[in-house]
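>>> Pasted the sequence and its predicted model underneath.
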Amino acid sequence: MTDGFLTVILVCGALTFLTRAGGYLILCRLSEIPPRLNVALEAVPPAVITTLFAPAVFSGDWREALTLSVAVALSFRFGPTITVLVCAAMLAGLRAFG
Amino acid sequence: MTALHQCPLLASPALCTAMNVLNSQSTTLTDFRRGAALSLPLLAAIVPLSALFGAVAIGNGLTPFDAVLMSMLLFAGASQFVAVDLFGQDVPAWSILLSVLALNFRHVLYSAALTPVFRPLKWSAKLPLFALLVDPVFAITEKRTAEGKAFSVPLYLGLALSLYAMWQLGTFLGAVSGSLIEDPRTFALDMFLPIYFLTIVMSFRTRPNWAPTVLVSGLLSILVYYAPQFGLTFLGPPWHITIGAIGGIVTAVLLATPKGPGRSAERAADHAASPALQPAKCSS
């Protein structure tokens, strides 16, 4: 065990749990969900998850940008597993030979 | 269901009860297995990522024990990387805590969005479900709820616990082997998760105002992420998540309001019809 790290991990774990329970603890006290809040909540998954991959478009060079463009095209037709595997194989190929 | 049909044929009421218990247990087991099956497409993304985390943790001077303990207590991808990275840089502990909080703050929105699903459950069931509410679990649960499928605790646990097991296994393998993955770029492992997140966002494309929401949060997150390279050092990760997400959500709200009374009335009718949105009972 690295000195001081246990405290950091424990507090980080507690904070993470609080964020996961927090939204419920706040919302279950409202008698009904206001329409605007409902619109906001429906927008949460696309808005948040987009930020987790968008910067990756510029993380490398044209290879990464091209791979993510192909991923958009493939995801119209195929599920996550095929899209991820095909695109990763393509990028690995581009990096090795391109 | 079959037990009910068979009951009249059984002589003893005790046997009948036993059949029903057996039947409900098998439903539980089936749902748990179906949940676990939903996690399989993620195996190729989760194990390499957690193995990478294990390797990075070792590279930053932590022991394999530290790395696995962290994965067990946090079970949170990006924030574990950030925490380990900052720990290696010997920054004050409060800045590690703040970064983890900023990265995980999106989970507040997840449990808020799933409030109608969690509300009928006992607290003893809610707490473990909250602890396991990570990105893919939220995405899949949200999607199933939107499709009108009934919420199942065993299915949720099957999905979440499989992901948890994969995460621990990957961390352990990565930490112990340490330098096994010498350069993750060779196998494009660094892009597995971005591509996976992209496919999730694409699966939401039928939602109202999806395109403007995604464009605004995408552009904002890119600008904030790379801002330090242009001298704005107070920006950069993890703020691209916070600012990008807020931008996308505000866009969706602004685009929804001009439609005015018709939409509101429709919404109000939806609320009246939905038992999930009846007055809250937090203690149930």
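Structure's in. What do you need?

>>> Identify each buried residue in the lowest-mean-pLDDT helix or strand in chain A, please.
Within chain A, judged by mean pLDDT, DSSP states H and E, the helix or strand with the poorest mean is helix A:35-53; its value is a mean of 83. Using 16 or more other Cβ atoms under 10 Å in any protein chain shown as the test for burial, helix A:35-53 gives A:35, A:38-53. (C-beta placed from N, C-alpha, C; glycine too.)

>>> who does that helix touch, helix- and strand-wise?
Contact partners of helix A:35-53 among helices and strands, from 3 or more Cβ pairs under 8 Å, 6 or more residues apart in numbering or on different chains; DSSP states H and E: helix B:106-113, helix B:135-146, helix B:192-203, helix B:210-226, helix B:239-256, helix B:260-273.

>>> any weak-confidence spans in the chain?
By default, I'm working from chain A. Applying pLDDT under 70 to chain A flags the ranges A:1-3, A:31, A:33, A:98.

>>> Not quite, go with chain B.
Scanning chain B with the threshold set as pLDDT under 70 gives B:1-24, B:86, B:88-91, B:95, B:102-103, B:179-185, B:189, B:257-284.

>>> which helices and strands does the longest helix along chain A pack with?
Longest helix in chain A, counting residues (DSSP state H): helix A:5-27. With contacts defined as 3+ Cβ pairs under 8 Å, 6+ apart, helix A:5-27 has these neighbours: helix B:64-74, helix B:77-88, helix B:93-104, helix B:106-113, helix B:115-118, helix B:123-131.

>>> Just name the most buried of these.
helix B:106-113 (a mean of 23; mean count of other Cβ atoms under 10 Å in any protein chain shown).

>>> Using CSV, list the CA coordinates for that helix.
Output in CSV follows, covering the C-alpha atoms of helix B:106-113 (Å, rounded to 0.1, in the frame of the first residue of the first chain):
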residue,chain,number,x,y,z
ARG,B,106,-22.5,13.3,-14.7
HIS,B,107,-23.7,10.3,-12.5
VAL,B,108,-25.9,12.8,-10.6
LEU,B,109,-27.8,13.2,-13.8
TYR,B,110,-27.9,9.4,-14.4
SER,B,111,-29.6,8.6,-11.1
ALA,B,112,-31.9,11.6,-11.6
ALA,B,113,-32.9,10.4,-15.0
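
>>> Between helix B:135-146 and it, find me the angle.
20 degrees (axes from the mean of the first three to the mean of the last three Cα atoms, to 10 degrees).

>>> count of neighbours near residue 75?
You didn't pick a chain, so chain A it is. As a burial measure, residue A:75 scores 22 neighbours (other Cβ atoms under 10 Å in any protein chain shown).

>>> wrong one, I was asking about chain B
23.

>>> before we move on, the earlier item: next helix or strand past the least confident helix or strand of chain A?
Scanning forward in sequence from helix A:35-53 by DSSP states H and E, the next helix or strand is helix A:62-75.

>>> buried ones in that next one?
Of the residues in helix A:62-75, those buried (16+ other Cβ under 10 Å) are A:63-64, A:67-68, A:70-71, A:74-75.
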